[in-house]
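Engineer: Below are the sequence and a predicted model for it; my questions follow.
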Amino acid sequence: MLNYQLVTPPTVEPVTLELAKAHLRVDITDDDTLITAYISAARQYAERLTNRAFFNQTWRLSLDHFPVYRCGGTLPTRGRDDFYSGAYYNELAIRLPIPRCQSVASITYLDVAGVQQTLSPSAYYVDTTSQPARIVPLPGAFWPYTQDYLPGSVQVTYVAGSYGDGATVNTCPQSVVLAILMLVGHFYDNRNATSEVILREPPFAVQALLNSEKFVSFSFGNN
């Protein structure tokens with residue numbers, strides 16, 4: 001079962017408060033807190049539509065067990081021609097959702113005795129150039145056994161950010177920035193909507209702008 005959750009949100013947003021207020025043509029400071037909340041909500045909305053993390057944030061992937069490679073229903077053994085084959089490593093790869101992976105903070109697991117262990121970084125390789133990123137055991141190594149396939153027994157904590165940390169320069173594509181600004185405007189214009197008011201859907205242009213950055217993959221977890 002594939003399950004992942006946000007651990008630490010990003011510390012910066014693709015759109016500053018000043019830029020959002022300029023877009024809204026708002027000069028007063030009374031709504032600054034509200035607009036800041038709209039920026040965060042708009043960024044989260046855009047991230048969900050694109051299946052990305054824009055700026056660096058920490059995620060945790062939970063797996064029921066480490067991937068297992070079976071060749072004809074049996075585990076590969078040393079000396080077999082396919083022991084170090086591409087198929088072997090492809091089957092053993094842990095694929096991380098929410099690109100782009102910047103680094104892996106830790107891999108923890110419950111061993112056969114139910115004791116939590118931390119896997120040494122020297123035991124695995126992280127391919128951060130691929131999307132989704134892949135983690136594989138180093139040549140000659142296997143993933144360790146876990147406690148009877150206990151749900152969530154493997155936890156992979158990693159930092160994801162498609163456009164870096166955003167600390168020094170806004171590296172988000174302008175299409176993403178514009179989409180967020182449009183969403184902020186939509187939220188702000190509809191802030192007082194009630195059940196008696198016909199609520200407008202977010203502008204169609206938002207989805208059109210984000211489609212160019214949308215990440216599509218069918219290979220998450222250990223599929």
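Structural biologist: Perfect, thanks for sending it.

Engineer: so what secondary structure elements neighbour the biggest strand by length in the chain?
Structural biologist: For the chain, the strand with the greatest residue count under DSSP state E is strand 101-110. Counting contacts by 3 or more Cβ pairs under 8 Å, 6 or more residues apart in numbering; DSSP states H and E, strand 101-110 is packed against strand 116-118, strand 124-127, strand 133-137, strand 154-160. For every residue, glycine as well, the C-beta is placed using N, CA and C.

Engineer: CA-only coordinates of the second one in CSV, if you can.
Structural biologist: In CSV, the C-alpha atoms belonging to strand 124-127 read as follows (Å, rounded to 0.1, in the frame of the first residue of the first chain):
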residue,chain,number,x,y,z
TYR,A,124,21.5,2.3,-0.9
TYR,A,125,21.7,4.7,-3.8
VAL,A,126,19.4,7.6,-4.5
ASP,A,127,18.8,8.4,-8.2
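
Engineer: Next, the buried residues of it.
Structural biologist: For strand 124-127, burial by neighbour count (16 or more other Cβ atoms under 10 Å) applies to 124, 126, 127.

Engineer: Switch these over to TSV; also include distance to residue 137 and pLDDT.
Structural biologist: Below are the buried residues of strand 124-127 laid out as TSV (distance: Cβ to Cβ, whole Å; pLDDT from 0 to 100):
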residue	distance to residue 137	pLDDT
124	5	95
126	11	96
127	12	94
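
Engineer: Can you measure across stretch 112-126, start residue to end residue?
Structural biologist: 25 Å (Cα to Cα, to the nearest Å).

Engineer: what's the offset of that stretch from the middle of its chain?
Structural biologist: Offset of stretch 112-126 from its chain centre (Cα atoms, centre = their mean, to the nearest Å): 22 Å.

Engineer: swap in stretch 201-219?
Structural biologist: Per Cα atoms, centre = their mean, the displacement of stretch 201-219 from the mean C-alpha position of its chain is 16 Å.

Engineer: next one: stretch 18-31
Structural biologist: The chain centroid and the centroid of stretch 18-31 are separated by 30 Å, computed with Cα atoms, centre = their mean.

Engineer: Could I get the average pLDDT for that stretch?
Structural biologist: Summarised as a single mean, pLDDT over stretch 18-31 is 96.

Engineer: Please identify the buried residues of it?
Structural biologist: Buried positions in stretch 18-31, judged by neighbour count with 16+ other Cβ under 10 Å: 19, 20, 21, 23, 24, 26.
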